[in-house]
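Colleague: give me a model of this one.
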Amino acid sequence: MKLNRKEFDILTLLATKHNGSYTQREISNECHFSLGTTNSIMKSLLEKGLIGDKNIVTPKGMKTLEPYRVKRAIFIAAGFGSRLVPLTINSPKPLIRVNGVRMIDTLLDAVYTAGIEEVIIVRGYLREQFDQLLYKYPNIKFIDNLEYNEANNISSAMKVRHLLQNAYVMEADLVLSNPKLITKYQYTSNYLGVKTDVTDDWCFETNRNRIITKLAIGGENVYHMFGISYWNEKDGKQLKEDIKATYDLPGGKERYWDQVALEYFKKNYQVEVRECSFDDIMEIDTYSDLKKVDHHYI
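Modeller: Presented below is the predicted three-dimensional model:
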């Protein structure tokens, strides 16, 4: 059974946060729906047998949510991080501490809290140092990208292209302040983005439905791009083929993996922007950026 977006929002709320005391007004506030809309959707979910007494999600409801469940999280962590020299001379960038916490830990903690148990890290530069993560996260699986110094991050995507169905793909050097952005269920393929008047960084242009229509560097009235994406089953299968096709193009090894679905083969995808704020997540590109958020580096 396929859910519409509003049914999905309410059902996942009840499935992941239910405490036995939600009123319909509280559900309306959580999902940002009118009370009338919420009443209508709740009635529909009840009639379909997806929820029961006290708004508890039924076994049928949980089965209906299963196609939307995130199966794994994949971290792209193979690069050198040249703009964070001198710190990255002796450490991979995702393991650099910001206010005492490794960058990648802010993401891993959110993933495990959301109940996503399969975690894969694609590592390359100083790859043995990632073994330290196993003390805190013993179930991590590593995949080595020995071509990290000869190609762009599309080489890491090549290593995991068969694992992208129902999967998050995350740049491992982000600092996540709002772990609620990582959820157990996702409705469709998407990228995190922040609506902004102007940016000189990577960004998305979208249509009125927030479907990404263009990937660009710099723009006005766009979404600032953050490297956390989700890929549903259909798109994950397609990416397996399109990543290899892009990699095999002349100069394909120099491409960013994000360009596969958003530029070279965008006709194959309808990828949404999932909106967040600059307070939710941070990308630290340079040593100067790091000093601004962590005074220990001054």
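
Colleague: got phi/psi on D9?
Modeller: For D9, the backbone dihedrals are phi -60, psi -40 (criterion: degrees, to the nearest 10).

Colleague: next up, the contacts around the residue nearest to it when sequence neighbours are not counted.
Modeller: Spatial nearest neighbour of D9, chain neighbours left out: C31 (4.8 Å); criterion: CB to CB, 6 or more residues apart in numbering. Quick note: C-beta positions are derived from backbone N, CA and C, even for glycine. With contact taken as CB atoms under 8 Å, 6 or more residues apart in numbering, C31 is in contact with K6, D9, I10, L13, T38.

Colleague: for PyMOL, what selects the buried ones among the residues you listed?
Modeller: Applying 16 or more other CB atoms under 10 Å to the contacts of C31, the buried members can be selected in PyMOL as follows:
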select buried, resi 9+10+13+38
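
Colleague: nearest to A261 among the contacts of C31?
Modeller: Using CB to CB, D9 comes nearest to A261 of those, at 24.3 Å.

Colleague: relative to V271, how far out is that closest one?
Modeller: From D9 over to V271 the distance is 19 Å, taken as CB to CB, to the nearest Å.

Colleague: I'd like to know which elements the helix or strand harbouring I217 is packed against.
Modeller: Counting by DSSP states H and E, the element that carries I217 is strand 212-231. Identification of packing neighbours for strand 212-231 by 3 or more CB pairs under 8 Å, 6 or more residues apart in numbering; DSSP states H and E yields strand 167-171, strand 174-176, strand 190-206, strand 272-275, strand 281-283.

Colleague: tabulate those strands (JSON lines), appending mean pLDDT.
Modeller: Formatted as JSON lines, the helices and strands packed on strand 212-231 follow (pLDDT from 0 to 100):
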{"stretch": "strand 167-171", "mean pLDDT": "98"}
{"stretch": "strand 174-176", "mean pLDDT": "97"}
{"stretch": "strand 190-206", "mean pLDDT": "97"}
{"stretch": "strand 272-275", "mean pLDDT": "98"}
{"stretch": "strand 281-283", "mean pLDDT": "95"}
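
Colleague: quick one: buried residues of stretch 27-39?
Modeller: With burial defined by 16+ other CB under 10 Å, the residues of stretch 27-39 counted as buried are I27, S28, C31, F33, T38.

Colleague: over to stretch 291-298?
Modeller: In stretch 291-298, counting by 16+ other CB under 10 Å, buried: D294.

Colleague: chain center to that stretch, what's the gap?
Modeller: 27 Å (CA atoms, centre = their mean, to the nearest Å).

Colleague: low-confidence ranges, the chain, go.
Modeller: Flagging of the chain using pLDDT under 70 yields the residue ranges 18-21.

Colleague: what do you get if the cut-off is 90, keeping everything else the same?
Modeller: For the chain, the stretches flagged by pLDDT under 90 are 1, 16-26, 30, 53-55, 80-88, 285-289, 295-298.

Colleague: what does the longest helix along it rub up against?
Modeller: In the chain, with assignment by DSSP state H, the single longest helix is helix 233-247. Helix 233-247 is contacted by residues 67, 154-155, 157-158, 161-162, 164-167, 189, 231, 252-253, 255, 257, 259-261, 264-265, 268-269, 271 when judged by CB under 8 Å, 6+ apart.

Colleague: give me that answer again for 7 Å
Modeller: Helix 233-247 is contacted by residues 67, 154, 157-158, 161-162, 164-167, 189, 231, 252-253, 255, 257, 260-261, 264-265, 268-269 when judged by CB atoms under 7 Å, 6 or more residues apart in numbering.

Colleague: show me which of these are buried.
Modeller: Applying 16+ other CB under 10 Å to the contacts of helix 233-247 flags 154, 157-158, 161, 164-167, 189, 231, 252-253, 255, 257, 260-261, 264-265, 269 as buried.

Colleague: before we move on, back to that, I'd like to know which of the contacts of helix 233-247 are part of helices.
Modeller: I154, A157, M158.
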